[in-house]
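> sequence plus predicted model, see below.
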There are 4 protein chains.
Amino acid sequence: MLKTISLAQDQINLSLIDFYQQVRQRSEKICQPLAIEDYVIQTMADVSPPKWHLAHTTWFFETFLLIPYLNRYQVFHPQFGYLFNSYYEAVGKRHPRPQRGLLSRPTVEKVYQYRAYVDQAMAELINQLEKDQQISSLIILGLHHEQQHQELLLTDIKHILATNPLRPVYQTQNSTSSAELINFEEKWLDYPGGIYSIGYQGEGFSFDNESPRHQTLLQDYYFATRLVTNEEYLEFIEADGYSNPEYWLSEGWSTVQAERWQAPLYWEKIDGAWWIMTLGGMQPLQKDEPVCHVSFYEADAYARFCGKRLPTEAEWEIATAQVPIRGNFLETEKLHPTAALGMTRPDQMFGDVWEWTQSAYLPYPGYQPEAGAIGEYNGKFMCNQMVLRGGSCVTPISHIRPTYRNFFPPSARWQFTGIRLVK
Amino acid sequence: MLKTISLAQDQINLSLIDFYQQVRQRSEKICQPLAIEDYVIQTMADVSPPKWHLAHTTWFFETFLLIPYLNRYQVFHPQFGYLFNSYYEAVGKRHPRPQRGLLSRPTVEKVYQYRAYVDQAMAELINQLEKDQQISSLIILGLHHEQQHQELLLTDIKHILATNPLRPVYQTQNSTSSAELINFEEKWLDYPGGIYSIGYQGEGFSFDNESPRHQTLLQDYYFATRLVTNEEYLEFIEADGYSNPEYWLSEGWSTVQAERWQAPLYWEKIDGAWWIMTLGGMQPLQKDEPVCHVSFYEADAYARFCGKRLPTEAEWEIATAQVPIRGNFLETEKLHPTAALGMTRPDQMFGDVWEWTQSAYLPYPGYQPEAGAIGEYNGKFMCNQMVLRGGSCVTPISHIRPTYRNFFPPSARWQFTGIRLVK
Amino acid sequence: MLKTISLAQDQINLSLIDFYQQVRQRSEKICQPLAIEDYVIQTMADVSPPKWHLAHTTWFFETFLLIPYLNRYQVFHPQFGYLFNSYYEAVGKRHPRPQRGLLSRPTVEKVYQYRAYVDQAMAELINQLEKDQQISSLIILGLHHEQQHQELLLTDIKHILATNPLRPVYQTQNSTSSAELINFEEKWLDYPGGIYSIGYQGEGFSFDNESPRHQTLLQDYYFATRLVTNEEYLEFIEADGYSNPEYWLSEGWSTVQAERWQAPLYWEKIDGAWWIMTLGGMQPLQKDEPVCHVSFYEADAYARFCGKRLPTEAEWEIATAQVPIRGNFLETEKLHPTAALGMTRPDQMFGDVWEWTQSAYLPYPGYQPEAGAIGEYNGKFMCNQMVLRGGSCVTPISHIRPTYRNFFPPSARWQFTGIRLVK
Amino acid sequence: MLKTISLAQDQINLSLIDFYQQVRQRSEKICQPLAIEDYVIQTMADVSPPKWHLAHTTWFFETFLLIPYLNRYQVFHPQFGYLFNSYYEAVGKRHPRPQRGLLSRPTVEKVYQYRAYVDQAMAELINQLEKDQQISSLIILGLHHEQQHQELLLTDIKHILATNPLRPVYQTQNSTSSAELINFEEKWLDYPGGIYSIGYQGEGFSFDNESPRHQTLLQDYYFATRLVTNEEYLEFIEADGYSNPEYWLSEGWSTVQAERWQAPLYWEKIDGAWWIMTLGGMQPLQKDEPVCHVSFYEADAYARFCGKRLPTEAEWEIATAQVPIRGNFLETEKLHPTAALGMTRPDQMFGDVWEWTQSAYLPYPGYQPEAGAIGEYNGKFMCNQMVLRGGSCVTPISHIRPTYRNFFPPSARWQFTGIRLVK
């Protein structure tokens, strides 16, 4: 049976240096199965080469911690600031994103040297700290930043391998025993309307976009106990859902036609049977698994096809209020969503697949971004994106919270994204 | 002094046939100053040729009223359904939007014949009606649809003329006497938080996206008594606001750079002085007029520059609750925003310029689109658009309501769009 | 029977003023069947709006004749130089070619006023001339320039009307009696190799690219007595010629796939039968007519399919040396190619369709372009274009010569272009 | 002093197996300085990843030799035919060219295994041959094909490294002693007009596009004794040649503006001084070296600026008739053009830089491509390309002939391309 991970086992009482090392090592562990060649390429503009992720997360520590706070720190290379800045306008010019795959140098080996160099300096900095709250906070931000890139590393590696006609395997996948695949029947949990509070409040780490905690007004709603499965989504496909504009938002329908979508990303029909590309290579479609790699447009169209809708992010957060954080996260190393087991109610709120909401990604009332370059982290993306909640099978468990707001444009589908319905 | 129009003078006790004729004649009156050549071209994909607007609004009546409800009605031309359907997927295939300017035929004369033919049949249908509520509602919907296109006609005509290096004049503009241009000082009205109801409820006409009326929770806010002026916006330009990424959403900044925006649309610096293109031709910039033809990105960046923000649509609707609908609308025939006069508090909520809100265009809780093709009217655009409120100087006064939700993508700026701040 | 036009009837002893008026009136006569709306639009970047052609040819006289040579001449409008310059870099900036269809103004009426104004001034200038050879030459160049635009007017009008789903008719076409359509059998005329002279030499008008007359070395060749017919070309289509890369140049094959070509331009298969769009509207395909509206890629692929090839321009010119200039030109007002009648050998060398050669458009040995802006007329296009010879059914007969070199990119097919083979 | 290589030293009496091994090893030697990462990327559509070149040249032997002629040959990998076919339509579908940089697999190591596997099988096939003329010819074709890719490998590696802001060094360059850089004065050699024969005839290897040998007629011409130097080309730059449309072909001028060309490719102005990127890294511009990395447009514009012109390919071939093949080729391992030394007259006809001609790439009279897929080698590119002659400093010396016709589109400049004038 799938080992699920719960937060308490992993994060309690981790000292800062331990957390630092654990996160940094995890990134490198993720890349261990790669050939040098896999580190270098960029298969679409959204994807970054794995070596870029490894260097960029390192640049974050160099730029926001070592240069300002570590005495006599020498930058590793004068041009890495230009090459590995992602989008921080306040920090200076940067190499254009769509050209990240045009750089063979620095080599992968050099990038690992960069990481080791920065890790050593960071150990020194952490050692000197003595409870400087501001610097500690920045380090923890850097580690959560790297955890986000761990998820991106895996989604990008998947895209890199899936783009290749040879369909290479990242890791041999733990076989999914059929015993696991007995999905329980979808039910509806009833939540009463009223004034609720959402958003983060507390001592621990959170991103600025989760604040401030504030009141919101909900109407009564019914929340599905489990995620939409491949089997259910197949009904939509087989009912010609991809050919019928009535289910689709206008932009969604344009996208379906322009991109010739016929099914979720990574689905392939071979000799009449559906297969999907996974990090374990090509696998026959499992009907009980949650549908994955759908865009917001597809999630929304599917909901309309069912006469239901997607939850708002407030509805999702309230429904999850008492649910413990455990499930199929990065740490299970399964790297693929699994069928619901019916052990908790509602099930699979955390892990497996990110859940599209019907909420546009907007600032909470009273939202204030951080000052300076760090303030560019979240706030400036609050336009033309939709909120997703709950984490996925490639999210580190210590990275997620009930208040965590992920966001992607409605057309994105290379993330591990799925569907939960409300009515 | 500028004659302002208030709703009561125009719409009370209009019978259906009178309203029909009044609206239909207004569209033709708008086109009266045009040369035949002006009717034909499409200066960007968002713009439609004026003759297309005239035909499309007519097609709406033919398709949704005459074909289903008028006995023995013969369509005017078998291919007009293909040529003049805008986006109704349920009604069949249609001519591609970006190619509307590639059609020299039907001629303008033929389009006017089409209008006369349909108007005659509509008169017959209305005459037969005898209080059929459903058909009356559809006719009223068609008339409000045409009013929307009256606004689009004027914004598109403005774009067509402004694209031309000869900068032709649509109508000689009533001169703006300097007496009018004494703008009063911006003040802040205080609104207490709490639970409010927004959305339409009542007997009159409204669009489906204004419903259902529902409760919403607001926090305390301060609402500016007047619109941001050209003079105030110039400070942003002169402070290099268009060169400084810190004020901009990420997508906004990309747009500024890709489009090389330096000022609002239709602004031009000639020999060191700012001029703007108006429907009355090129005019020197008037500092006291409300800034117009800004995108959401610019409105949002300007607000951040001021340390303030844009209102949510709920905040806007509550602030407007007691404000009478009067102001500088299409019927004043000024066709240009005017300086605030300080006669009411808050001022210029209606007319002059559409006011960007910070609300993404999303369904209200419990929203249900109409069934069938008419249901495509609003709902399918609820993605990647922002809400605007209040109408403009080219909106027919009988078309607007406090609950009216206009929407455009955040990059659009060829509409008469301006800025009001909250804090 | 089709009236063919021979040069002698038209051009002998025309005085300069008569030639001027004849040419200028012809342009306006060509536009007589147009609706105002047809004058304005641009259906692809290669096409110019008819009113642009009318104004641009007028601008040529204003710029190169009236401004430098007529005392006290006042330009008609200060911005017309910007709007109606086509590509003369030496004359100054110009309105971008792909945006010619975005200009509703000047109106068509204004353009005709511009023509009348310039015609009057030109009459004055011609009257003053008294055998100034240089100015006369420039006027004649301007008239030949306008004749080129007469051909373009008709090809562009055809494209404008054919792009419209209503398929409007430009003029009711003289019916093609079946008697005319008896095509004679293709034969091969034998030309011996050796040193020949090609290029223009003499007293009359010619373009600079036809000079200098020079020697060239030919090998023996066989020249087809008539043009390839629709019937013959259909064999290529039915043998899946458009699906078989072996016949195509690499760039041709890319174009076929990118543009999804299945047949020549303006061919349409309706209920299993081939129709073609003509200036007389949609007509059933006539098998004996010469194939028309093919690109160089198609002409070349067809030749390869037949195991033959296209002629070089020298081979063409030598084969035509003794052939009188008569045939189906603009003046027959048929505006459509006709079947060969077998009256001369080789037949239809002049008129009907331009004949693609396998010669790239390059300077003749010793070629010198004119000095100044006029030198931009021909020389700067000597790259990536192929030579065509012989004129078409929309070429004025007085415009053509055996040495005349027309040129278009190998992908162009909106001109009246056909195929003659050699082996 | 620069060691120049002459053909006799290298190619005489090489047995087929020796020639095979020598060529195949050379390709691998070229790649020796690369990091694994350099093998993978594609910095523009024209460039292919080095590992693709290594695999594609191997695929050529597998496809055209081993599969048809070696008994019981097993293909190395069933999908390599799809991945490494370049453009042979007759051989089947292929991976899209612009996506060659999206493939991290097969790894570089696997590609080398592929080479070794095919080399072993080829040794077996060559061993069995016993003078089968047809198969030998195909092998020799395959080797010349690989030599072409050796040149492309180096031009593509140069582009890959030059695109990188780190400007990595491929090999430390032999310093260019100033003694070498004394360029002799340009002189003009006089060639009389008349009938000459050009094209290949003989026993050795040649490409089909060099045949048949045929007569051509030349006029008198003067041929420059040496190549245009950087110093001379700088005069064009400093005279604002890149801002003055009068020198440029129309398409050239559009390209200059669209691409914002200011100088040849790889030139960079740093603190007021010109530098160029070489395979030895960034180097200060040497004034006496021949100008390199110019497009046909630039070569043609420069010639017009000088009041001269480029040679035709026939003029070039006749001028080279008696010149021995020696000079600065790949085998000198300098990989950069050098200044003329004045040892021969005309100088540097072979090696250093390819010389643009004013001849479009067209079939010779009587040209017949080979049958089958091999016939796609040359003939299908005979459109929209210009001929270049003489080889460059990255061409293998045994690959070049006086009759050799290289060809590229007029905008290409990532090859080692320079300028020689005639008048």
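Perfect, I can see it now.

> tell me who's in contact with the residue of chain A found nearest chain C.
Chain C sits closest to A:Arg260 of chain A, with a gap of 15.1 Å, by Cβ to the nearest Cβ. (C-beta placed from N, C-alpha, C; glycine too.) Applying Cβ atoms under 8 Å, 6 or more residues apart in numbering or on different chains to A:Arg260 gives no contacts.

> and what of A:Gly280?
A:169-173, A:335-336.

> do that again at 7 Å, thanks
By Cβ atoms under 7 Å, 6 or more residues apart in numbering or on different chains, the residues touching A:Gly280 are A:169, A:171-173, A:336.

> among those residues, which ones are buried?
For those, a burial check counting by 16 or more other Cβ atoms under 10 Å in any protein chain shown picks out A:173, A:336.

> so which of the contacts of A:Gly280 belong to helices?
Among the contacts of A:Gly280, DSSP state H puts none in helices.

> in CSV, list the contacts of A:Gly280 along with pLDDT.
CSV is the format used below for the contacts of A:Gly280 (pLDDT from 0 to 100):
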residue, pLDDT
A:Val169, 96
A:Gln171, 92
A:Thr172, 88
A:Gln173, 72
A:His336, 96
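
> can I get the contacts of A:Gly280 in a markdown table with distance to chain B?
Shown next, in a markdown table, are the contacts of A:Gly280 (distance: Cβ to the nearest Cβ, whole Å):
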| residue | distance to chain B |
| --- | --- |
| A:Val169 | 36 |
| A:Gln171 | 34 |
| A:Thr172 | 39 |
| A:Gln173 | 35 |
| A:His336 | 29 |
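
> just give me the closest of the contacts of A:Gly280 to B:Gln368.
Proximity of the contacts of A:Gly280 to B:Gln368 (Cβ to Cβ) peaks at A:His336, which lies at 37.5 Å.

> please verify my assumption that that closest one contacts A:Thr278.
Yes. The criterion here is Cβ atoms under 7 Å, and A:His336 meets it with A:Thr278 at 5.2 Å.

> joint contacts of these two?
Joint contacts of A:His336 and A:Thr278 (Cβ under 7 Å, 6+ apart) are A:Gln173.

> show me where pLDDT drops low in the stretch 201-350 of chain A?
Confidence mapping of the stretch 201-350 of chain A against pLDDT under 70 gives the ranges A:342-345.

> ok, which stretches of it are helices?
A:230-238, A:250-259, A:296-305, A:313-319 (DSSP state H, counting those that start in this stretch).

> out of the ones you listed, flag the one nearest chain D.
Set against chain D and scored by Cβ to the nearest Cβ, these come closest in helix A:250-259, at 16.3 Å.

> other SSEs contacting that closest one?
Identification of packing neighbours for helix A:250-259 by 3 or more Cβ pairs under 7 Å, 6 or more residues apart in numbering or on different chains; DSSP states H and E yields helix A:296-305.

> the helix it packs on close to chain B?
No. Against chain B, helix A:296-305 shows no contacts by Cβ under 7 Å from any Cβ of the partner chain, the least distance being 7.8 Å.

> which residues are contacting that helix?
Helix A:296-305 is contacted from outside by A:228, A:233, A:236, A:241, A:247-249, A:252, A:255, A:264, A:309-310, A:356, A:386, A:410-411, A:419, A:421, using Cβ under 7 Å, 6+ apart.

> over to stretch A:77-89?
In contact with stretch A:77-89 (Cβ under 7 Å, 6+ apart) are residues A:52, A:55-56, A:59, A:63, A:91-95, A:114, A:373, A:376, B:245, B:250, D:165-166.

> sort out for me which of those residues are in helices.
Per DSSP H, the subset of the contacts of stretch A:77-89 in helices is A:52, A:55-56, A:59, A:114, B:250.

> which two of those have the greatest separation?
Most distant of the ones in helices among the contacts of stretch A:77-89, by Cβ to Cβ, are A:Tyr114 and B:Ser250, 26.6 Å apart.
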